[in-house]
Every structure is written in structure tokens, then in C-alpha cells.
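In: generate coordinates for the sequence data below:
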Amino acid sequence: MKSFLIDRYAKGGALRFGESPEPELRVNDVLVEIRAAGVNLLDNKIRDGEFKLILPYRLPLVLGNDVAGVVVRVGSSVRKFKPGDEVYARPAQGRIGTFAEYIAIDEADVAIKPNNLTMEEAASVPLVALTAWQVLVERANVQKGQKVLIHAGSGGVGTIAIQLAKYLGAYVAATTSTSNIDLVKSLGADSVIDYKKDDFEKVLQGYDLVLNSLGKDTLEKSLAVLKPGGKLISISGPPDPDFARQNGSGWLFRQVMRLLSSGIRRKSKRLGISYSFLFMTANGVQLEKITSLIETGNIRPVVDRVFPFEKTNEALDYVQTGRAKGKVVVAVK
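Out: As a prediction, the model looks like this:
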């Protein structure tokens, strides 16, 4: 099958367009003919080798972490899906590969595609929506009336997280650039901070949760926004010892994670704030709940651009600029 692969880690390197074997179908798998694949900054970071210690892939590797398509075959133990079903998913981290014509995914990680979305729109959803769900619902347990700050409100995670936080009944603030203020307001943000003009840490206070997807400076400034007992959850690092344990890492790697996050954990603890790092995981049941919110109109995906399959490298380059509003998608078929 045709696919886009990496043969070695290289910062900013192009993926190789070539042939790779059709994936092996395990007893609990569905084989999906890929119609569209979401493009994420995670793809760039894997290509660049930034996660090679956390995610030790065997190369060559077909890249891609979001998919929408049609089930063409199912494993002998599959009960939830049948050939012809239109589905979407974020494959398990060890089984990525959506920049291709086919992918095999465990049925536990798959959900029926929302009936009001195109394949391209559906492919934009799983990774970012599951990230928002796992931060806001699973980790933070956001309640009605709480105050939530979401950084990079016009980005892939931000556009979904704003809508989900509003659905949960929170008061939502978001940071964004001047050109994206109207978009972020249209998604439901109650307070929008233009980071080019204002310092969010001087404007906001008394927040229950900050969802950080930016760098170290933003992470540390976010502490000033939170009240004692608040939560600072970062999806961009630094990883903490709890993540290392959940990842099944050995003692040495756990110590490295402890060291990397020691500064922000120490500062958080001094202020009575909890810091944690979240690396989202595939979850079909959670994706089904997200589907319901999409079909009822509570969440809508934001797609910036759709690239043809042969321009997958251009799509990755565009994501790398950081200027995309919402998500970038590759139309595979």
C-alpha cells in the first residue's frame, strides 16, 4: 500500500512516499480503508526524534495519528464493527500509521464516525478531542461554575477544549493572537486575551484549571492565574514521574522525568497548586461520548486546510508554522 514513512529521525526532514506492507489484522482489530488523516504537531515531533526516548518506534515507520475511513475487514473476535462501517479513531500510540491507504486498529480504540461530519472533518477530531476530554473530564473533573484558562485557543486542542469546557458549565478564558480573537469568541470563550497585547498572568486570577500547550515561560506564568487548590495540566511537558510510571518506564527514566519536572512541581507545591503532565491515550468509549456532543451540536471541529495525500509533507510543514486555525487534514482517498 502507498504510505508516507520515516526511515530515520531528522529535524524538519521530509517523509518518504513509498510502498509498505498492508497491516496485519489481529483478532481484535478492524482494518480501515483510510479516507482522511488528521495532521498533528505530534507527527512533526515524532519525525524530529523528540519522543524517541518515550516512544521507541522501530523504523521505518508510517506516520500519522488521526484517521477517518471505512471498515473493510474485521478480526475474528470483533463484535462492535462490521465491513462498511464509517469510523474514526486515534490509533494506540504503538500502532500509529494513518498517512497510508490502510490501518489496523484495535476495536477498543475505534468509534462510529459522527453522522453530521465529512470524512475530513471527522479525521480532525480524535487526537485533539480525546486530549481535551482527558484533561477536562478525566483529570480535572471540571464542574459548573469553575474557571478554566485554555492556552492557544485557536489551535487544534484549544478549539475543542473551549467548547467542551463551556459544555461542562465552566467560565472559559483563552489566549490567542489578534487575528484569531473572533474565532475563539465564536467557540464560546468568555474572556479572550490577545497575547500580543496583554500579559494573561496580569489580567486573570482565581482560576481552577489551566490547560497548557505552550512552552516553559507560559507554563510558569500560569501559576499566577491559579488559586490555591487549582490544577496546572500541561500537554507539552515537562513529563513528570507519574507519566513515567504509567508509561511503564524503568527506574532510570523515571528519575530523568523527576528531574525534568522538578522545577515546576516545586513552584506549584509552594503555591498549593497541583502540576501534572498528560500524554493522551487512545480510547473508543470516550470518543463515542465526544461523537454524541458533535451530533448534538455542542462541539464542532475547526478545519483550517485540507491537503491532498501526495502533499502530506506540505501539510506537516504548514502545521509546523503554528499558524493553523484548528486542524490540518490530509485527504487520502
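In: what comes up buried for stretch 16-25?
Out: Within stretch 16-25, the residues that count as buried by 16 or more other C-beta atoms under 10 Å are Ser20, Pro23, Leu25. To be clear about C-beta, it is placed using only N, CA and C from the backbone, and glycine gets the same treatment.
In: and it, C-alpha only, in PDB?
Out: Extracted C-alpha coordinates of stretch 16-25, given in PDB (Å, rounded to 0.1, in the frame of the first residue of the first chain):
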ATOM      1  CA  ARG A  16       9.400   9.200   2.200                       C
ATOM      2  CA  PHE A  17       6.500   8.400  -0.100                       C
ATOM      3  CA  GLY A  18       6.700   4.700  -0.900                       C
ATOM      4  CA  GLU A  19       5.200   1.200  -0.500                       C
ATOM      5  CA  SER A  20       4.700  -0.600   2.800                       C
ATOM      6  CA  PRO A  21       3.100  -3.900   3.700                       C
ATOM      7  CA  GLU A  22      -0.700  -3.900   4.400                       C
ATOM      8  CA  PRO A  23      -1.100  -4.100   8.100                       C
ATOM      9  CA  GLU A  24      -1.500  -7.400   9.900                       C
ATOM     10  CA  LEU A  25      -5.100  -7.900  11.200                       C
END
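In: quick check: mean pLDDT of it?
Out: Per-residue pLDDT over stretch 16-25 has a mean of 96.
In: got the contact list for it?
Out: 1-7, 31, 60, 62, 73-75, 97, 100, 102-104, 310, 312 (C-beta atoms under 8 Å, 6 or more residues apart in numbering).
In: try 6 Å
Out: Stretch 16-25 is contacted from outside by Met1, Ser3, Phe4, Leu5, Leu31, Val62, Gly75, Tyr102, Ile103, Ala104, using C-beta atoms under 6 Å, 6 or more residues apart in numbering.
In: check stretch 37-57 too.
Out: With C-beta under 6 Å, 6+ apart as the test, stretch 37-57 has contacts from 6, 9, 11, 63-67, 98-99, 123-124, 127, 315-316, 319-320, 327-330, 332.
In: so how do I select the buried members of those in ChimeraX?
Out: Buried subset of the contacts of stretch 37-57, written as a ChimeraX selection, criterion 16+ other C-beta under 10 Å:
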select :6,9,63,64,65,66,67,98,99,123,124,127,315,316,319,320,327,328,329,330,332
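In: which of the contacts of stretch 37-57 fall in helices?
Out: If you go by DSSP state H, the contacts of stretch 37-57 have Ala123, Leu127, Ala315, Leu316, Val319, Gln320 in helices.
In: now the two most distant members of those.
Out: Maximum pairwise distance among the ones in helices among the contacts of stretch 37-57 (C-beta to C-beta): 18.9 Å, between Ala123 and Gln320.
In: how about the contacts made by the residue of the chain positioned farthest from its centre?
Out: Centroid-distance maximum for the chain: Ser76 at 30.5 Å, with C-alpha atoms, centre = their mean. Residues counted as contacts of Ser76 (C-beta under 6 Å, 6+ apart) are Val27.
In: do Ile105 as well
Out: Contacts of Ile105 by C-beta under 6 Å, 6+ apart are Val30, Ala89, Pro91.
In: just to be sure, it is in a strand?
Out: Yes: with DSSP: H, G, I helix; E, B strand; the rest coil as the criterion, Ile105 is located in a strand.
In: which one is the residue nearest the centre of the chain nearest to, not counting chain neighbours?
Out: Geometric centre of the chain, nearest residue: Val128, 3.3 Å, by C-alpha atoms, centre = their mean. In this structure, Val128 finds its nearest non-sequential neighbour in Gly156, 4.2 Å apart by C-beta to C-beta, 6 or more residues apart in numbering.
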